[in-house]
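[1] 3D model of this:
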Amino acid sequence: MTAIYALTILLAFYAFGDCIAMKTKGLLSSVFVICVVMLVSFWVGLPKDIAVISGISTIGGALVGPLVVGIGTTISFDELKRQWKTVIASAFGVTVGVVGVILIGNQLIGWNEAVASAPVFAGAAVSLLVVNQALTDLGLLETIGVIVITIYATQKFFGVPLASFCLQREAKSFLGKTEKISYYANLLEEKGNHIEKKRPLAYFSKSDKPVYNLVKLALIASLANFLSELTNGAIHNLVIALVLGVVFTELGFLKKNSLAKTDSNFLIMFATIMTVFASLANVTPKSLVNNLLPVVIVMVIGTLGVIVAGFISGKVLKESPWVCIALGITCTFGFPTTVLMSNEIAESMGRNEEEMKALRNYILPKMTVAGFVPVTIGSVILAGIIVPLLK
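    Residues are numbered from 1 along each chain as shown. As a prediction, the model looks like this:
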């Protein structure tokens, strides 16, 4: 298969998912549709390395940093400070789900199976690596490793529909409040040139040319990668990229919503999404059938834990339980799906440009933070605590 054929197929998958999502007003998320279509396609002969053949895997890997920085440019410092509830709600949801998998799951599928699966439910590829290494050391990789990998590859099918449903419910409630629509629709508006002049690096934002905006995003993403290396990867480079996106926007180096000013927003999102979904090639019908029961048990218990935690944290934090559930279940899909889903809900539920903008500004920062901090940091911490419990 040539590169252009591979690229055309992936674009068709993406377009089909988007079309279904729009037709169903987000009831069937484009992410879910793309996952199903790609999984079935791999089973009927789609090349497993189609992302490599098309060149998308290389592009997606390179553009994920600038994408995260670009998301940071949509979040103000005031908004970031308000997201402390997001961190608590998502972390609590993940923790309750993980505890449920261990305490209840071990009675149904076995101790080691439950303990190995719990950190993977919490998300992040790093936790999967930690678990796999521990299973290898104990000689359990061949028996339990397949279950763990299957959970990691298929958990999107559980989390995405639930998050999409919850965000739909929240969007309907949000659109009934005129004051909130007005506030969030104007959240990212420039406050005036006099404010821009007070920013020390505002000189670098005088031009709106797409190439300048893209270069600046890449520079900040490179800085985030460098800083992460200084910590030996202890702090994920994408977490740093998100923070730096906010910081350098406040300093004036980056423009508000820089990603939209690059004229490449779609390409960046498409490349990163399809690169992530290419991992579905590792799930065969045989491995799915053989491990279906333990996978379903883990995902059902974990998901129910997140739902219960969502209602509890909603009460305690005085937030919508639908939002809290959506934030907690991001552990099953994480970034960049959180971004795509936020945009999708805004576009499918908003009845005009103002409502779409307001919904995007309301949902995107929450989902972005939830898709990074608890998943990338929290899951690794949980893996470090849980993995030593393997016998």
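[2] Only the buried residues of stretch 200-215, if you could.
    The neighbour-count check on stretch 200-215 (16 or more other CB atoms under 10 Å) flags 202, 204-205, 212-214 as buried. No exception for glycine: its C-beta is placed from N, CA and C like everyone else's.
[3] and for it, what are the contacting residues?
    With CB atoms under 8 Å, 6 or more residues apart in numbering as the test, stretch 200-215 has contacts from 66, 196, 216, 248, 251-255, 258, 261-264.
[4] Poorly predicted segments of the stretch 1-150 of the chain, please.
    25-27, 29, 76-80, 124-126, 128-130, 141-142 (pLDDT under 70).
[5] which residues in it form helices?
    Counting by DSSP state H, counting those that start in this stretch, the segments of the stretch 1-150 of the chain that form helices are 3-23, 30-43, 50-54, 56-72, 77-82, 84-109, 111-121, 125-137, 141-154.
[6] Can you add mean neighbour count and distance to Met341 and give these back as a markdown table?
    Written out in a markdown table, the entries for those read as follows (neighbours: other CB atoms under 10 Å; distance: least, CB to CB, whole Å):
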| stretch | mean neighbour count | distance to Met341 |
| --- | --- | --- |
| helix 3-23 | 17 | 9 |
| helix 30-43 | 21 | 6 |
| helix 50-54 | 22 | 21 |
| helix 56-72 | 23 | 13 |
| helix 77-82 | 13 | 19 |
| helix 84-109 | 21 | 14 |
| helix 111-121 | 26 | 19 |
| helix 125-137 | 18 | 19 |
| helix 141-154 | 20 | 18 |
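[7] right, so of those, which gets closest to Ala281?
    helix 30-43 (4.9 Å; CB to CB).
[8] Quick one: list the elements packing against that closest one.
    Here helix 30-43 is seen to pack against helix 3-23, helix 156-174, helix 265-277, helix 337-349 when contacts are counted using 3 or more CB pairs under 8 Å, 6 or more residues apart in numbering; DSSP states H and E.
[9] how about these in TSV, adding distance to Gly302?
    Listed next are these as TSV, based on distance: least, CB to CB, whole Å:
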stretch	distance to Gly302
helix 3-23	25
helix 156-174	8
helix 265-277	20
helix 337-349	17
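[10] if we can go back for a sec, buried members of the contacts of stretch 200-215 into PyMOL, please.
    Typed into PyMOL, the next command selects the buried ones out of the contacts of stretch 200-215 (criterion: 16+ other CB under 10 Å):
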select buried, resi 66+216+248+252+253+254+255+258+261+262+264
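[11] ok, now which ones touch Val98?
    Neighbour list for Val98: 118-119, 121-122, 302, 305, 382, 386 [criterion: CB under 8 Å, 6+ apart].
[12] if I look at it, how far off is Ala260?
    From Val98 over to Ala260 the distance is 37 Å, taken as CB to CB, to the nearest Å.
[13] and if you look at Tyr183?
    According to CB to CB, Tyr183 stands 20 Å off from Ala260.
[14] Also Val31?
    According to CB to CB, Val31 stands 21 Å off from Ala260.
[15] and what of Leu103?
    Spatial separation of Leu103 from Ala260 under the definition CB to CB is 45 Å.
[16] what separates stretch 255-269 from the chain centre, distance-wise?
    Mean-position distance between stretch 255-269 and its chain equals 18 Å (CA atoms, centre = their mean, to the nearest Å).
[17] Only alpha carbons, please: show that stretch as PDB.
    In PDB, the C-alpha atoms belonging to stretch 255-269 read as follows (Å, rounded to 0.1, in the frame of the first residue of the first chain):
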ATOM      1  CA  LYS A 255      -1.600  34.800  21.000                       C
ATOM      2  CA  LYS A 256      -4.800  33.700  22.600                       C
ATOM      3  CA  ASN A 257      -6.100  30.600  20.800                       C
ATOM      4  CA  SER A 258      -2.900  30.300  18.800                       C
ATOM      5  CA  LEU A 259      -3.800  27.000  17.300                       C
ATOM      6  CA  ALA A 260      -6.700  28.400  15.300                       C
ATOM      7  CA  LYS A 261      -4.300  31.000  13.900                       C
ATOM      8  CA  THR A 262      -1.900  28.400  12.300                       C
ATOM      9  CA  ASP A 263      -4.300  27.300   9.600                       C
ATOM     10  CA  SER A 264      -3.400  23.700  10.500                       C
ATOM     11  CA  ASN A 265      -5.700  23.000  13.400                       C
ATOM     12  CA  PHE A 266      -7.400  20.100  11.600                       C
ATOM     13  CA  LEU A 267      -4.200  18.500  10.400                       C
ATOM     14  CA  ILE A 268      -2.600  18.600  13.800                       C
ATOM     15  CA  MET A 269      -5.700  17.100  15.500                       C
END
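[18] what residues does that stretch touch?
    Judged by CB under 8 Å, 6+ apart, the contacts made with stretch 255-269 from elsewhere in the structure are 59, 63, 66-67, 69-71, 73-74, 188, 190, 205, 208, 210, 213-214, 216-217, 249, 336, 339-340.
[19] quick one on the thing from earlier: among the helices of the stretch 1-150 of the chain, which is nearest Ser222?
    Checking the helices of the stretch 1-150 of the chain against Ser222 by CB to CB gives helix 56-72 as the closest, at 7.4 Å.
[20] Can you show me the CA trace of the closest one as PDB?
    Written as PDB, here are the backbone C-alpha positions of helix 56-72 (Å, rounded to 0.1, in the frame of the first residue of the first chain):
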ATOM      1  CA  ILE A  56       0.800  10.200  10.000                       C
ATOM      2  CA  SER A  57       2.500   8.500  13.000                       C
ATOM      3  CA  THR A  58       5.700  10.600  12.500                       C
ATOM      4  CA  ILE A  59       3.700  13.800  12.000                       C
ATOM      5  CA  GLY A  60       1.400  13.000  14.900                       C
ATOM      6  CA  GLY A  61       4.300  12.300  17.200                       C
ATOM      7  CA  ALA A  62       6.000  15.600  16.300                       C
ATOM      8  CA  LEU A  63       2.800  17.700  16.500                       C
ATOM      9  CA  VAL A  64       1.400  16.500  19.800                       C
ATOM     10  CA  GLY A  65       3.600  19.000  21.700                       C
ATOM     11  CA  PRO A  66       2.500  22.100  19.700                       C
ATOM     12  CA  LEU A  67      -1.100  20.900  20.000                       C
ATOM     13  CA  VAL A  68      -0.900  20.800  23.800                       C
ATOM     14  CA  VAL A  69       0.800  24.200  23.900                       C
ATOM     15  CA  GLY A  70      -1.900  25.500  21.700                       C
ATOM     16  CA  ILE A  71      -4.600  24.200  24.100                       C
ATOM     17  CA  GLY A  72      -2.700  26.100  26.800                       C
END
